[in-house]
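Peer 1: Pasting a predicted model and its sequence here:
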Amino acid sequence: MKRRLFSLTLATSALVAALPAAAQTSWDLPSAYPATNFHTVNLTNFASDVEKATGGKLKITVHANAALFKAPEIKRAVQGGQAQIGEIILAAYQNEWAMFGADGIPFLATSYEESRKLYAAQKPILQKKLGEQGLMLLYSVAWPPQGIYSKKPLASAADLKGSKWRAYSPSTSRIAQLVGAQPVTVQAAELSQALATGVVEANMTSGATGVDSKLFEHLKFYYDVQAWLPKNAVIVNKRAFDALDKPSQDALLKAAADAETRGWAASQKVNTDSLATLRANGMAVEPPTAALKSDMQKVGATMLQEWLTQAGAEGQQMLDAFRK
């Protein structure tokens, strides 16, 4: 009898000891960018904040550099529940829904102040659309302003004609078409190899990506045209969110709000630091010539009209709200 009671006590103790581990919820968070990129660092801090705030009940593992899913696969993976949470670049999904590409229109919003204003106009519409897709927007952070990288000096857009142009979204592909370049779809994780093998000769991206991919090893010129500030968004599967208890949901939303604030500040610092790093590694960092800037602004005007045709009344309402 004593032996039976002792065994029962041991079994009960083991069960109690196992309860905290059993109660832990583990999420995977795929990202397309290197672990050292400021977006990914922010994600890691966000995940750490969530784990601390929930007392370990919710653990989020960040999978950097497209290790779990490639960039174009992440949104579908979160929608389908293959990953509970993920980071996407919104402009990449413009063909799915025009409003996703609002921050990829050249020269619509060219500063951090304007980008925040555009986000404020875009956010309610984003939240509604994502909700219809079984997703939630947790937070969004802008990349630094986009400039043009090239192997050769650019006096005007005509100098880009025929060049192999890296595209990462419908809008960057359309820019290539409008300037007579050849668009080549290459994700951030594959950019270094594409440059090394001659698949890409020019591209439009931020100083941060320039440093991440060591573009100075292959390209010699960076023109700081400050064309637009695309945003990354962290999205979560709504069912996964609803399955959390209320304190964990609150902790997640609080950590997301903090990550958004922290991320925007980090983006501005990274913009300054990355341009300095490009210069230090021998890249010519220059403002665009008057002709190049004028040419690119014409491209932006064309793309805005095309986007409004796609986006319709919804897009016009967002644009009116942004321009107030």
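Peer 2: Thanks, I have it. Numbering: from 1, shown residues only.
Peer 1: nearest residue to Glu51 other than its sequence neighbours?
Peer 2: Sequence neighbours aside, Lys59 is the residue nearest to Glu51 in space, at 5.4 Å (criterion: CB to CB, 6 or more residues apart in numbering). From N, CA and C alone the C-beta is placed, and that goes for glycine too.
Peer 1: helix or strand for the residue nearest in space to the middle of the chain, which one?
Peer 2: In the chain, the centroid-proximal residue (CA atoms, centre = their mean) is Asn232; its distance is 2.5 Å. For Asn232, the host element (DSSP states H and E) is strand 231-237.
Peer 1: what's the next secondary structure element after that strand?
Peer 2: Tracing the chain past strand 231-237, the next element assigned as helix or strand by DSSP H and E is helix 238-242.
Peer 1: what angle separates the helix or strand following that following helix from strand 231-237?
Peer 2: For helix 238-242, the succeeding helix or strand toward the C-terminus, using DSSP H and E, is helix 246-280. Computed with axes from the mean of the first three to the mean of the last three CA atoms, to 10 degrees, the direction of helix 246-280 lies at 150 degrees from that of strand 231-237.
Peer 1: what's the burial count for Tyr223?
Peer 2: By other CB atoms under 10 Å, the residues close to Tyr223 number 22.
Peer 1: And it, its phi and psi?
Peer 2: For Tyr223, the backbone dihedrals (degrees, to the nearest 10) come out as phi -100, psi 120.
Peer 1: Val78 now?
Peer 2: Val78 adopts backbone torsions of phi -70, psi -40, taken as degrees, to the nearest 10.
Peer 1: same thing with Gly80?
Peer 2: According to degrees, to the nearest 10, Gly80 has phi -90, psi 0.
Peer 1: and it, what is it in contact with?
Peer 2: Listed by CB atoms under 8 Å, 6 or more residues apart in numbering, the contact set of Gly80 is empty.
Peer 1: Distance check, the closest residue in space to Gly312 that isn't next to it in sequence against Asp212.
Peer 2: Using CB to CB, 6+ apart and skipping the chain neighbours, the partner closest in space to Gly312 is Ala98 (7.9 Å). Ala98 sits 29 Å away from Asp212, going by CB to CB, to the nearest Å.
Peer 1: what ranges do the strands span in this structure?
Peer 2: With strands called from DSSP state E, the chain shows them at 25-30, 58-63, 85-89, 135-142, 146-150, 164-167, 182-185, 202-206, 221-223, 231-237, 284-286.
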